[in-house]
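> below are the sequence and a predicted model; questions follow.
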Amino acid sequence: MTERRERLVSAENLSDRPEAADEAGLREAFLTHGGELFGFARRSLNSTPNAEDVVQETFSRAWRSRARFDPTLGSLRTWLFTIERRVIIDYSVRNAKNATVPMDQAREPAAEDHVERAMLGWEMESALQRLDRDHRLILTELYFNGRSGREVAEMFGLPEGTVRSRAFYALRMLRLLLEEGGWDQ
């Protein structure tokens, strides 16, 4: 017990000096902070094997850059967590770049989605232009501008029932016009 306490005290003393980055200091740093670093990595990555790799890489980077450690800027623990955070980010980016999706689960290319959406918009605009003015205004206010039937009625000085009736007939006519143009949804 006394030996362990001496070892921890010497690790604390070593971790406060820049020259602490020798093998014994690294071993002590691992014994002192390795568990916390592992827990943080495991929570961040949701994977025990990946967390082990991250902790190993963290200590490798710490060893390679040991000359840059400055205890006046922060503690050894803070420095190690800063390195580990960067390792986790690098690891996540690398995994995201290398991630593959099976062909049967792949989505359609985004460019096709935009073309389809644009075509639908043009068809809708063309069909709306073919509606009479009163019906087009009612649909525009209700569906594109998001107003309620009561608001549209007040806006045009119409009874609310007339707004609902015009909306019904306008939607029916719009559907016929879209079907006539080959729309099948």
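The structure has been received and is ready for your questions.
> what's the local residue count around Glu23?
8 (other CB atoms under 10 Å). From N, CA and C alone the C-beta is placed, and that goes for glycine too.
> how close does it get to Ser92?
Counting by CB to CB, to the nearest Å, the gap from Glu23 to Ser92 is 30 Å.
> for Arg130, same thing?
52 Å.
> likewise for Ala62?
When distance is defined by CB to CB, Ala62 is 20 Å away from Ser92.
> ok, these two, which is more surrounded?
Ala62 (23 against 14).
> so which helix or strand takes in the more buried one?
helix 48-64 (DSSP states H and E).
> any idea how far that helix is from the chain center?
Put simply, helix 48-64 sits 25 Å off its chain's centre (CA atoms, centre = their mean, to the nearest Å).
> following it, which helix or strand shows up next?
Following helix 48-64 toward the C-terminus (DSSP H and E): helix 76-98.
> could you give the angle of that next one to helix 48-64?
120 degrees (axes from the mean of the first three to the mean of the last three CA atoms, to 10 degrees).
> can I get the CA coordinates of helix 76-98 in CSV?
Extracted in CSV, the C-alpha atoms of helix 76-98 (Å, rounded to 0.1, in the frame of the first residue of the first chain):
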residue,chain,number,x,y,z
LEU,A,76,-1.4,16.4,-17.7
ARG,A,77,-5.0,15.1,-17.4
THR,A,78,-6.3,18.1,-19.4
TRP,A,79,-3.6,17.7,-22.0
LEU,A,80,-4.4,14.0,-22.5
PHE,A,81,-8.1,14.7,-22.8
THR,A,82,-7.4,17.4,-25.4
ILE,A,83,-5.3,14.9,-27.4
GLU,A,84,-8.0,12.2,-27.0
ARG,A,85,-10.7,14.6,-28.2
ARG,A,86,-8.8,15.2,-31.4
VAL,A,87,-8.1,11.4,-31.8
ILE,A,88,-11.9,10.7,-31.5
ILE,A,89,-12.7,13.3,-34.1
ASP,A,90,-10.0,11.9,-36.5
TYR,A,91,-11.3,8.4,-35.8
SER,A,92,-14.9,9.4,-36.5
VAL,A,93,-14.0,11.2,-39.7
ARG,A,94,-12.0,8.3,-41.0
ASN,A,95,-14.8,5.8,-40.2
ALA,A,96,-17.4,8.1,-41.9
LYS,A,97,-15.2,8.4,-45.1
ASN,A,98,-14.7,4.6,-45.2
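> good, wrapping up.
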